[in-house]
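Novice: need the 3D shape of this:
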Amino acid sequence: MQTLARATIVVLLGGLATGAHGQFGGGFAPAKPASSPASTPPTVTPPGAPTPPPQQAPVVVDDEEDPDAPAPRPKAPPATAPPTPELPPQRITCAQPEASWMAKLESADRDAIEAGLGYSLARISSDLKWVGATAKDGAPQLAGKIIVIQFFDVASGGTGVLDKTIASLGALAADGSVIVVGVQVPSKVDAATKRLEKSKCKANICVDERGEFCDAMGAFKKPVNVIVDRNGAVRFVGLTEKGTALAAKVLLAEPVSEVKAVAKPVAVVVDTAAVQFPTFTEPLQYSADLRGQKSPELSVERWITQQPKMFGKVVVVDFFATWCGPCMAARKHMNELARAYSKDVVVVGLSTETNNKFTDGLKKLHLKENDFDYSIALDPAARMQSAFGVRGIPSIAIISSDQIVRWQGSPQGLTPAVLDSIIAANAKLAGVGKPDKNARGWAK
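Specialist: Numbering: from 1, shown residues only. Sure, this is the predicted structure:
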């Protein structure tokens, strides 16, 4: 009986984020395992298709470390450190500001502006018209700076909120450590522009004539601000002038991160009911049945290979381990599928082994990382595997780009016919996503 180890850092797929924010996400809410009946009938593979591995009983997994497993041997450090792979963009984790820093906002306004936390600053395009005392220099140079963007309406309080923000920043604004940008919302644009052209305010002021920048940032009627770090990520929103100054000091003390923030996804309405996915009802013996339900989030402590881009693709998660004979016997089949469907499918092999045990396991099998033609990740805490109620490996879960589990089973049952039917349905999802006309916004 083989077993597993446990400890985790969650990576949101950027459609499993990412949310997100998917990308394939933003993260999936963990689902509760449910019991399922027994045995899965054999599946016939069409002629010419990738060859499924021979039928083998899955290895039942426990919750304890194998007492008979040899301790990993200490390894000498490499002569030279391998190059650090470029990290993929992702949504940045933001600290909760002190309550005293936060401005009073209606819940709808706060929800709208907080939706952009952790994402990159929306592109400041030529559609923004720069006006006022600083306009002679055009758009300010923002790269590598802490940026305070204050949305306001000159017809309601003039530029007072900008003046107060600059005063609260003091020397930070004076020496250019923090750049203050005032964005006039698209309300009575002509009158606002004429008034602001005469302004002596020291902030960099622009007019968002069409409202697209305001919409992208989630800024509407009420004056509201966002504070952007030196890496271009939105880190704080909806603060008072004093809170803004304190937040700017926090960000100035931080080193520039190597991780880039991903762009905020465009809000769309997807009529998933308009897309008919195939249904599979074969009983599952070694996992909970989550078919037709939202998938648990993909939790990864370490990517052995480069993290794949999953947005818009079907994701095949293969729960496996190097000590599992049937799992490694299925590697050839999974390689064939990964190569044949690379355009539409991302295959992720997810092991609950620690990095040392995984590395030692490959050595015993005389394998290397590049012997896998698909992505490999480690999750010693077994968070996703536990959420799927996996009791035996290898075990496969297929998740469509709308984050719904579509198929579960063993590698033997994962045939081209199964994948083809899911891919065909998944392709139609891209055609039913439309901008949400009911969402708040200026640009309609």
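Novice: now do the strands in the stretch 251-400 of the chain.
Specialist: 268-270, 302-303, 314-320, 345-351, 375-378, 392-393, 395-399 (DSSP state E, counting those that start in this stretch).
Novice: redo those strands as TSV? Include mean neighbour count.
Specialist: For glycine as for every other residue, the C-beta is placed from the backbone atoms N, C-alpha and C. Conversion of the strands of the stretch 251-400 of the chain to TSV gives the following (neighbours: other CB atoms under 10 Å):
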stretch	mean neighbour count
strand 268-270	13
strand 302-303	16
strand 314-320	25
strand 345-351	24
strand 375-378	21
strand 392-393	23
strand 395-399	26
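Novice: could I get those strands in a markdown table, plus columns for distance to Ala139 and mean pLDDT?
Specialist: Listed next are the strands of the stretch 251-400 of the chain as a markdown table, based on distance: least, CB to CB, whole Å; pLDDT from 0 to 100:
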| stretch | distance to Ala139 | mean pLDDT |
| --- | --- | --- |
| strand 268-270 | 30 | 58 |
| strand 302-303 | 37 | 92 |
| strand 314-320 | 40 | 97 |
| strand 345-351 | 38 | 97 |
| strand 375-378 | 40 | 96 |
| strand 392-393 | 55 | 96 |
| strand 395-399 | 42 | 97 |
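Novice: reformat those as CSV; add distance to Pro416.
Specialist: Shown next, in CSV, are the strands of the stretch 251-400 of the chain (distance: least, CB to CB, whole Å):
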stretch, distance to Pro416
strand 268-270, 27
strand 302-303, 27
strand 314-320, 12
strand 345-351, 11
strand 375-378, 20
strand 392-393, 22
strand 395-399, 13
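Novice: how about the contacts made by Lys242?
Specialist: If you count contacts by CB atoms under 8 Å, 6 or more residues apart in numbering, Lys242 has them with Ser100, Trp101, Ser168.
Novice: of the strands of the stretch 251-400 of the chain, which is nearest Trp442?
Specialist: Trp442 sits nearest to strand 268-270 of all the strands of the stretch 251-400 of the chain, at 17.9 Å, using CB to CB.
Novice: for the stretch 201-350 of the chain, give me the ranges with low pLDDT.
Specialist: Applying pLDDT under 70 to the stretch 201-350 of the chain picks out residues 267-273.
Novice: ranges for the helices of it?
Specialist: Secondary structure of the stretch 201-350 of the chain, counting by DSSP state H, counting those that start in this stretch: helices at 212-217, 241-252, 325-329, 331-340.
Novice: quick revisit: looking at the contacts of Lys242, which is nearest Met334?
Specialist: Taking the contacts of Lys242 together and measuring to Met334 by CB to CB, the closest member is Trp101, at 49.7 Å.
Novice: quick one: that closest one and Asp229, what's the gap?
Specialist: Using CB to CB, to the nearest Å, Trp101 is found at 16 Å from Asp229.
Novice: and those two? Which one has more around it.
Specialist: Set Trp101 next to Asp229 and count neighbours by other CB atoms under 10 Å: Asp229 wins out with 25 against 18.
Novice: hmm, the more buried one is touching Ala248, no?
Specialist: No - in this structure, Asp229 is not within contact of Ala248 by CB atoms under 8 Å, at 9.6 Å.
Novice: what is in contact with those two at once?
Specialist: By CB under 8 Å, 6+ apart, the residues touching both Asp229 and Ala248 are Ile146.
Novice: check which helices and strands the longest helix anywhere in the chain sits against.
Specialist: In the chain, taking DSSP state H as the definition, the longest helix is helix 416-429. Counting contacts by 3 or more CB pairs under 8 Å, 6 or more residues apart in numbering; DSSP states H and E, helix 416-429 packs against strand 314-320, helix 331-340, strand 395-399, strand 405-409.
Novice: now it and strand 345-351, what's the angle there?
Specialist: 120 degrees (axes from the mean of the first three to the mean of the last three CA atoms, to 10 degrees).
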